[in-house]
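>>> Just the structure for this:
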Amino acid sequence: MTVLTQPPSMGDVLKYEVNPNYTRETVTLLQGLPYPVGSVLGKITVNGKYTLATNSGSDGAQTAIAVLLYAVDATLADATGIVVARGPAIVSREGLAYDGSVDDGAKITTKLTQLAAVGIITRDGA
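Here you go, the predicted structure:
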């Protein structure tokens, strides 16, 4: 019997939002990589584009402020994505995807705290 696997979807990440018209935004994702569903994003101050929230730096992207709701391939060019940018909203901790520099529990906790500052909270097993 063939086993079918389905890639993660928005429903695997977003568990609650008060009102999609309030919590969501359309943003420009920086060229250079495919962004998976649940990407934890920061905003680059000088150009207003979003990219994976990093562990260090000073361009603005080091602060997590949004979660990507649909996978977007921005490998070859900047692309448009839909994010949950403010709460009240609840996302599944297991559904989030991080930059490679966010590689231990303390760094992940920092990103989750930054998301909570904009009203996006995480739940285990949500």
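>>> in the lengthiest helix in the chain, what's buried?
Identified as the longest helix of the chain according to DSSP state H is helix 105-117. Within helix 105-117, the residues scored as buried using 16 or more other Cβ atoms under 10 Å are Lys107, Ile108, Thr110, Lys111, Leu112, Gln114, Leu115. From N, CA and C alone the C-beta is placed, and that goes for glycine too.
>>> Kindly report the same for stretch 47-57.
Lys49, Tyr50, Thr51, Leu52, Ala53, Thr54, Asn55.
>>> Which two among those are spaced furthest apart?
Lys49 and Asn55 (18.7 Å; Cβ to Cβ).
>>> Surely Arg123 is in contact with Leu14?
No. Applying Cβ atoms under 8 Å as the test, Arg123 and Leu14 come out as separate, 11.3 Å apart.
>>> Of those two, give the one with the bigger neighbour count.
Leu14 (23 against 12; other Cβ atoms under 10 Å).
>>> is that one in a bridge, and if so with what?
For Leu14, the beta-bridge partners under DSSP bridges are Val91.
>>> surely Met10 meets Val37?
Yes. Met10 is within contact range of Val37, at 6.4 Å (criterion: Cβ under 8 Å).
>>> where do the contact lists of the two overlap?
Each of Leu69, Tyr70 lies in contact with both Met10 and Val37 under the rule Cβ atoms under 8 Å, 6 or more residues apart in numbering.
>>> Neighbour count: the two, which is higher?
Val37 (21 against 16).
>>> who are the neighbours in contact with the more buried one?
Per Cβ under 8 Å, 6+ apart, neighbours of Val37: Pro7, Pro8, Ser9, Met10, Asp12, Val13, Leu68, Leu69, Tyr70, Ala71, Gly95, Ala97.
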